[in-house]
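[1] Model the following, please.
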Amino acid sequence: MKKKGIILCVVIGVALLVGGGAYVYANSQPTPAVAVKTAPLSKSTLQNTISATGVIESYNKVKISDTSNDKIEKIYVSVGQWVAKDDWLCQLYNKADDSYSYVKATTNGTITAMNAVKGNPANGELFTIEDTNDLKVRGKVKEADLNHIHENMPVLVKSDATGDKVFPGNLTKIAPTAIKSEATTASAAATKAEFEVEIDLPTDTTGLKIGMTTRLSIVSEERADVFCVPFEALVMDDSGQSCIYVAKENPVEQGSFMVESIPVTTGLETDSLIEIAGDQLSEGLVIISQPQTVQPGMVVSVEAGA
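    Numbering: from 1, shown residues only. Below you'll find the predicted structure:
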């Protein structure tokens, strides 16, 4: 019995020794670094915009009319043709006194519409002349956006026909009254009011044509050359201070990084980004894109990509 007891004690002692060694070894090994996604901090221009739609028009639009009822004998122009002031547009014939007269252009420009028909009597608007190089956009904004805009705001103008090309415009007019509605039903009458606006376009409007529909982005706020991050990159510390987490190189273990918290102040917000500022910020800081998964002081490995 004594021999069996001795053997049992030896077995238990060996088991404790092995288990203790394993525990010590396990706890002496470094904790695996948590992988985090990162992005370099950089500066950008942030904008808040108000969306609207509009139609391209000419600043100079002249309608040429004649109500003599004389027969249109000849037509000298066609739609799309450029004419100078006093050019003949059509010839009229008065049968009563067997005489001819001419309808002339009253301005320089392009014929954009023509109602004159050879053989018909002249009775009303015959031609429309417009300056296709001096363009504007007549648009409309929603009632809810009216108090967020004012004259001389920059406007970004795009159209389907010109793809990604952006034309810089300037908001020059805001109507004092809402666009009159021709609603006849109760549901249509309940539609929110819209207000007409006018946007001046630059001299070079290559690709834009009179009558085109445009998409307008009225820049209501802008901050140029500022640091910004996605909203999800911000965290709040225990004192309520806004912070970002950055990955700093770990001096103890090469190739790994430690999480460090940097306090920031916030500014302009857009749909996806927020402006940040702080004394410790510099371009290229390795920002942790999803800081909610880590804590300051943790060892991490970094992956590129937000």
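
[2] how about the strands of the stretch 151-300 of the chain, start to end?
    In the stretch 151-300 of the chain, the strands defined using DSSP state E, counting those that start in this stretch lie at 154-158, 167-178, 194-200, 213-230, 234-236, 242-249, 257-263, 265-269, 273-277, 286-288, 299-304.

[3] ok now the fifth one, how far from the chain's centre?
    Here strand 234-236 shows a centroid-to-chain-centroid distance of 26 Å under the convention Cα atoms, centre = their mean, to the nearest Å.

[4] pLDDT on it, on average?
    What strand 234-236 shows for mean pLDDT is 94.

[5] so where is the stretch 1-150 of the chain shaky, pLDDT-wise?
    Residues of the stretch 1-150 of the chain meeting the criterion pLDDT under 70: 1-33.

[6] Do a quick rundown of the strands in it.
    Using DSSP E, counting those that start in this stretch, the strands of the stretch 1-150 of the chain run over 34-40, 43-58, 61-66, 71-75, 82-83, 88-94, 99-104, 109-114, 124-130, 135-142.

[7] Indicate which one of the ones you listed is closest to Ile218.
    Closest approach to Ile218 among the strands of the stretch 1-150 of the chain (Cβ to Cβ): strand 43-58, 4.4 Å. No exception for glycine: its C-beta is placed from N, CA and C like everyone else's.

[8] For that closest one, list every residue counted as buried.
    By 16 or more other Cβ atoms under 10 Å, the buried positions in strand 43-58 come out as 46-50, 52, 54, 56-58.

[9] before we move on, back to that, and of the strands of the stretch 1-150 of the chain, who's closest to Ile288?
    strand 34-40 (5.0 Å).

[10] if we can go back for a sec, just send the strands of the stretch 1-150 of the chain back as TSV, with distance to His148 too.
    As requested, those are exported to TSV (distance: least, Cβ to Cβ, whole Å):
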stretch	distance to His148
strand 34-40	31
strand 43-58	6
strand 61-66	30
strand 71-75	50
strand 82-83	41
strand 88-94	46
strand 99-104	47
strand 109-114	34
strand 124-130	32
strand 135-142	9
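
[11] Out of those, which gets nearest to Val299?
    Nearest to Val299 among the strands of the stretch 1-150 of the chain is strand 34-40 (7.4 Å), distances taken as Cβ to Cβ.

[12] To Glu269, which of the strands of the stretch 1-150 of the chain lies closest?
    Proximity to Glu269 (Cβ to Cβ) singles out strand 43-58 among these, at 7.9 Å.

[13] need the strands of the stretch 151-300 of the chain in CSV with mean neighbour count, can you?
    As requested, the strands of the stretch 151-300 of the chain are exported to CSV (neighbours: other Cβ atoms under 10 Å):
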stretch, mean neighbour count
strand 154-158, 19
strand 167-178, 15
strand 194-200, 20
strand 213-230, 17
strand 234-236, 15
strand 242-249, 19
strand 257-263, 18
strand 265-269, 14
strand 273-277, 18
strand 286-288, 22
strand 299-304, 15
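
[14] okay if I get these as CSV plus distance to Gln91?
    Below are those laid out as CSV (distance: least, Cβ to Cβ, whole Å):
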stretch, distance to Gln91
strand 154-158, 41
strand 167-178, 40
strand 194-200, 38
strand 213-230, 37
strand 234-236, 74
strand 242-249, 77
strand 257-263, 80
strand 265-269, 63
strand 273-277, 64
strand 286-288, 75
strand 299-304, 74
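
[15] For Val117, find the nearest of these.
    The nearest among those, by Cβ to Cβ, is strand 213-230 at 29.2 Å.

[16] Run the angle between that closest one and strand 43-58 for me.
    170 degrees (axes from the mean of the first three to the mean of the last three Cα atoms, to 10 degrees).

[17] Strand 242-249 and strand 213-230, what's the angle between them?
    In this structure, strand 213-230 runs at an angle of 60 degrees to strand 242-249, with the same axes, to 10 degrees as the basis.

[18] which helices and strands sit right next to strand 213-230?
    Judged by 3 or more Cβ pairs under 8 Å, 6 or more residues apart in numbering; DSSP states H and E, the packing partners of strand 213-230 are strand 43-58, strand 135-142, strand 154-158, strand 265-269, strand 273-277.

[19] For Thr203, find the nearest of these.
    Evaluated over these, closeness to Thr203 peaks at strand 135-142, with 9.4 Å, by Cβ to Cβ.
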